[in-house]
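1. what's the 3D shape of this:
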Amino acid sequence: MNGYSTAATKAEGARYLVFGASGYIGTNLVPFLQERGITVRAAARNPDVLKARNWQGIELVQADALDAVSLGSALNGVDVAFYLVHSMAAGRNFSKLDLTAARNFAAAAAGAGVQRIVYLGGLVPEDASGEHIVSRRETGDALRSGPIPVTEVRAGIIVGPGSAAFEVMRDLALNLPVMVAPRWVRAKSPPIALENLLVYLLGVARNPQAAGQVYDAAGPEQVSYEEMMVLMADIAGKRPPRIIPVPILSPGLSSYWLGLVTAVPPDIAKALIGGLKHDFYADDARLRQLVPQNLLTVREAITAAFAAEREHQMLARWTEGAFDQRGFRHDTAFYAKKAGGSARGPASPAALWAQVIRIGGSNRYYYMNWLWWVREFMDWCVGGAGFSRGRRDPDDLRLGDVIDYWTVIGIEPERHLTLHFGMKAPGSGILEFDLRPVTEGATEITITAYWHPRGVWGLLYWYALVPAHLFIFRGWTRAIVRRAQAAPLSPESPRAVDQ
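-> This next block holds a predicted model:
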């Protein structure tokens with residue numbers, strides 16, 4: 001990361017809130033701030049995602065901008081709040097949700113006595129019409145409607161692992177030899193490296209001159225999406241895809257096309273498409289003068305992004321995009337396709353957990369075992385571990401245990417189990433079991449499969465198995481509930497330990 005001189009600007013004892021810490025920017029901003037000696041509080045709707053980051057010395061809080069009551073504790077005692085949330089993944093009407101969230105946050109920040117809000121928005125072309133772009137601009141206006149000074153940093157494409165636009169280009173560039181693409185692949189923008197953006201965010205937060213200002217943030221080059229994809233393939237050691245732009249793919253058709261050929265969530269892809277048709281320009285002279293730093297070229301930024309993945313920290317439990325659980329391969333999709341099923345019944349979490357941790361080995365999988373046998377046979381035929389059955393102990397489970405062709409990579413007794421898939425396949429798979437008490441004496445169990453495809457074959461593999469997954473997971477969860485009801489938990493029932 002680029003350094004930032006703090007001698008003249010450090011506010012002693014200031015407390016910073018990263019609101020939206022489970023998202024892409026927040027996940028990187030929290031450790032960036034901590035490394036510079038800043039007291040950080042991290043807030044997200046789902047605190048379990050934050051716990052998985054394994055951050056030491058970071059205060060974690062649960063808060064949702066759509067729930068105004070939850071904001072008070074998150075903002076209490078905060079000097080500077082980074083506002084990094086958006087609702088693109090919510091699908092329809094996400095812009096209305098964004099406005100409600102921003103207004104709630106502005107009011108709560110005023111009530112808590114926050115000194116400054118730093119908001120990361122997006123570059124806005126003069127002829128902007130896409131809901132995603134317009135929503136980012138309106139969110140800034142909503143935050144400014146309160147009495148707290150707001151500094152807005154507007155950035156275009158952010159080059160780094162997990163950035164939605166970056167991941168769209170990665171999936172396309174590294175996995176498709178020939179690409180029939182919409183005309184937007186020729187649209188240009190000034191991408192900015194993740195590390196440069198983090199320096200800018202901290203710089204404006206520490207500089208009183210930035211209060212109430214709006215700044216454009218950009219890298220030193222204006223390039224097209226096509227040029228970025230060619231660069232990405234070259235840096236990854238792949239042959240660049242042959243890109244054939246066509247005029248017939250409308251924004252709607254483009255979003256469906258991206259949903260088919262990339263692993264980026266469909267709602268996010270749809271929201272992005274509306275802005276990709278524009279050329280983006282940034283007037284970043286004021287920000288460069290305020291926070292001077294060495295700006296990375298696009299090639300340097302992509303190289304840094306791949307290096308950051310290789311040097312990633314091992315996480316306490318699976319989290320989407322973790323490099324080790326994608327087989328340490330840049331061409332395996334960051335985002336995952338997913339399918340699952342759930343069931344609930346009059347059984348305690350302990351009773352259901354006793355059945356979950358006994359799967360595999362001689363117990364098999366409780367439901368449609370013949371289908372499991374077929375998949376194991378197919379894996380065995382190609383030299384995989386399909387018929388490698390067994391486990392260390394039939395009644396006990398620990399972190400790192402191998403269950404047939406699964407490896408335990410996350411375990412929270414009576415709550416959560418994560419298994420990594422070990423068969424041969426074009427991608428990387430994760431299976432999660434979640435237990436949640438719903439009423440007194442009743443518990444819900446959810447099984448979710450996550451698949452990070454590698455290329456076209458990885459996508460075809462996923463689409464071929466989705467119907468079977470949906471069928472199996474519904475039946476599997478019900479079978480586990482029935483077994484838990486038929487075998488009441490006793491003092492001698494198995495336990496799992498997290499080591």
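
2. quick one: buried residues of the longest helix seen in the chain?
-> With secondary structure taken from DSSP state H, the chain has its longest helix at helix 455-486. Residues 455, 458-459, 461-462, 465, 469, 472-474, 476-484 are the ones in helix 455-486 that count as buried (16 or more other CB atoms under 10 Å). (Each C-beta comes from the backbone N, C-alpha and C, glycine too.)

3. hey, what's the closest residue to residue 469 other than its chain neighbours bridged with?
-> In space, and not counting its chain neighbours, residue 469 is closest to residue 339: 4.2 Å by CB to CB, 6 or more residues apart in numbering. Counting by DSSP bridges, residue 339 forms beta bridges with residue 449.

4. Report how many residues lie close to residue 339.
-> Each residue near residue 339 was counted by other CB atoms under 10 Å, and the total is 19.

5. go on, residue 450?
-> By other CB under 10 Å, the residues close to residue 450 number 20.

6. measure it to residue 419 for me?
-> Distance, residue 450 to residue 419, using CB to CB, to the nearest Å: 11 Å.

7. and for those two, which residues touch both?
-> 430, 431, 432 (CB atoms under 8 Å, 6 or more residues apart in numbering).

8. Highest neighbour count among those?
-> Top of the shared contacts of residue 450 and residue 419 by neighbour count (other CB under 10 Å): residue 430, with 24 neighbours.

9. tell me which element that one falls in.
-> strand 427-439 (DSSP states H and E).

10. Restricting to C-alpha, output that strand in CSV.
-> What follows is strand 427-439, C-alpha atoms only, in CSV (Å, rounded to 0.1, in the frame of the first residue of the first chain):
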residue,chain,number,x,y,z
GLY,A,427,-14.2,-24.7,-9.8
SER,A,428,-14.3,-24.6,-6.0
GLY,A,429,-17.3,-25.6,-3.8
ILE,A,430,-18.4,-24.9,-0.3
LEU,A,431,-21.3,-26.5,1.7
GLU,A,432,-22.7,-24.7,4.8
PHE,A,433,-25.1,-25.9,7.4
ASP,A,434,-26.8,-23.2,9.6
LEU,A,435,-29.0,-23.8,12.6
ARG,A,436,-31.4,-21.1,13.9
PRO,A,437,-33.9,-21.3,16.7
VAL,A,438,-37.2,-19.9,15.4
THR,A,439,-39.6,-20.5,18.3
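
11. for it, packing partners?
-> If you count contacts as 3 or more CB pairs under 8 Å, 6 or more residues apart in numbering; DSSP states H and E, strand 427-439 packs onto helix 349-356, strand 406-412, strand 416-421, strand 442-453, helix 455-486.

12. So which of those is nearest residue 163?
-> strand 442-453 (16.4 Å; CB to CB).

13. Show me what that closest one is packed up against.
-> Packing partners of strand 442-453 (3+ CB pairs under 8 Å, 6+ apart): strand 337-345, helix 349-356, strand 427-439, helix 455-486.

14. nearest to residue 288, of those?
-> Of those, nearest to residue 288 by CB to CB is helix 455-486, at 39.1 Å.

15. so residue 162, which of the three states?
-> Assigned state for residue 162: coil (three-state reduction, DSSP: H, G, I helix; E, B strand; the rest coil).

16. For it, give me the backbone phi and psi.
-> Note on residue 162: its backbone torsions stand at phi 100, psi -20 [degrees, to the nearest 10].

17. my guess is it meets residue 168, correct?
-> No. Taking contacts as CB atoms under 8 Å, residue 162 lies outside contact range of residue 168: 11.8 Å.

18. the more surrounded of these two?
-> Neighbours were tallied for residue 162 and for residue 168 using other CB under 10 Å; the higher tally belongs to residue 168 (24 against 20).

19. Wait, that one touches residue 264, no?
-> Yes. When contacts are counted by CB under 8 Å, residue 168 is listed as touching residue 264 (5.3 Å).

20. The helix or strand harbouring residue 30 - contacts with which helices or strands?
-> In this structure, residue 30 sits in helix 24-35 according to DSSP H and E. Helix 24-35 sits against strand 15-19, strand 39-44, helix 194-206, with contacts defined as 3+ CB pairs under 8 Å, 6+ apart.
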